[in-house]
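> starting from these lines, generate the structure:
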Amino acid sequence: MADLFVVLSPGIERFGYFEKLAAISRGEKQFESLIPEQDPYDVHFENMPNWRAGP
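Numbering: from 1, shown residues only. Below is the predicted model of the structure:
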């Protein structure tokens, strides 16, 4: 089970970001490869312990 919350506002080009997410899901890249992408794609990771704990 996975929880995901995505807000795309304003309309910034994010095609490359989602390509990288797909590569991560296929095991071709590591999650850490997204860290340098936070600023260009305006996607910022927050430490959310309750999300990681699950239901």
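
> contacts and neighbour counts: CA atoms only from here.
Noted.

> all strands of the chain, in order?
Per DSSP state E, the chain has no strands. Nothing in it meets that criterion.

> for the longest helix along it, buried residues please.
Ranked by residue count and defined by DSSP state H, the top helix of the chain is helix 15-25. Residues of helix 15-25 classed as buried under the neighbour-count rule (16 or more other CA atoms under 10 Å) are 17, 20, 21, 24.

> now swap in stretch 27-42 and tell me
Under the neighbour-count criterion of 16+ other CA under 10 Å, stretch 27-42 has residue 34 buried.

> and that stretch, how far apart are its ends?
24 Å (CA to CA, to the nearest Å).

> same check on stretch 22-30?
For stretch 22-30, the separation between the terminal residues is 11 Å (CA to CA).

> show me the contact partners of it.
Stretch 22-30 is contacted by residues 20, 31 when judged by CA atoms under 8 Å, 6 or more residues apart in numbering.

> least trustworthy helix or strand in the chain by mean pLDDT?
Within the chain, judged by mean pLDDT, DSSP states H and E, the helix or strand with the poorest mean is helix 49-53; its value is a mean of 65.

> tell me who's in contact with residue 44.
The neighbours of residue 44, taking CA under 8 Å, 6+ apart as the test, are residue 38.

> let's go with 10 Å and repeat that
34, 35, 37, 38 (CA atoms under 10 Å, 6 or more residues apart in numbering).

> just put the residues you listed in JSON lines and tack on distance to residue 44.
Shown next, in JSON lines, are the contacts of residue 44 (distance: CA to CA, whole Å):
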{"residue": "34", "distance to residue 44": "10"}
{"residue": "35", "distance to residue 44": "8"}
{"residue": "37", "distance to residue 44": "9"}
{"residue": "38", "distance to residue 44": "5"}
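
> state the distance from residue 38 to residue 46.
When distance is defined by CA to CA, residue 38 is 11 Å away from residue 46.
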